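**Q** Prediction below, plus the sequence it came from.
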Amino acid sequence: MPVRLETDTIGMLLTDVSRLLRGAFDRRITASALGVTPGEARALIQVAATEGIKQAEIAIKMGIEPMTLSTYLDRLEGLGLVERVPDPCDRRAKNVVVTDKADTLLLDIRKEVRDLMDQVTLGLDAEGLEALRASLKGLRENLHQLDRCASSDKKSVSE
């Protein structure tokens, strides 16, 4: 008899919710005709949330290849929404910042995201939403800690 795995484990639920949320976001941004693709919108959100972040760090946060991000940033820069500026601590690196021109688009994106999240979280009261947020933040911190431990284990092995 083949092994059957549970489908409602936390990991499976998070994976499903993440995939479904990304699809819903993509459809909403596409339908809103804001003049950017869903990928460009996600990149702009990351830049706005972490002003002055390095391109490589944005790609990691988004879980995409640096070349894909570079394409998004090229387009956003061409639209005058972001600028690449030299990193003061690393001559080879570029930091990305939003321009004032991005404000209107960011407000439009934020409205779309809020409307979407109102639909997604329908039925959760303020207390439930806060508990969910706190739980997800705890999971994220635990995963960051696992990443840090894995990185230091790799360094120890190579030394």
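**A** Sure, I can see it. Treat the numbers as computed from the prediction; the structure is a model and nothing was measured.

**Q** Enumerate every residue touching the spatially most central residue of the chain.
**A** The centre of the chain sits closest to Met62, judged by Cα atoms, centre = their mean, with a distance of 4.6 Å. Contacts for Met62 (Cβ atoms under 8 Å, 6 or more residues apart in numbering) come out as Arg42, Ala43, Gln46, Leu69. Just so you know, the C-beta spots here come from the backbone N, C-alpha and C atoms, and that holds for glycine as well.

**Q** Buried ones from these, can you make that a ChimeraX selection?
**A** Buried subset of the contacts of Met62, written as a ChimeraX selection, criterion 16 or more other Cβ atoms under 10 Å:
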select :42,43,46,69
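
**Q** Switch the contacts of Met62 over to a markdown table; also include distance to Arg114, secondary structure and pLDDT.
**A** Below are the contacts of Met62 laid out as a markdown table (distance: Cβ to Cβ, whole Å; DSSP: H, G, I helix; E, B strand; the rest coil; pLDDT from 0 to 100):
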| residue | distance to Arg114 | secondary structure | pLDDT |
| --- | --- | --- | --- |
| Arg42 | 16 | helix | 97 |
| Ala43 | 19 | helix | 97 |
| Gln46 | 18 | helix | 96 |
| Leu69 | 25 | helix | 96 |
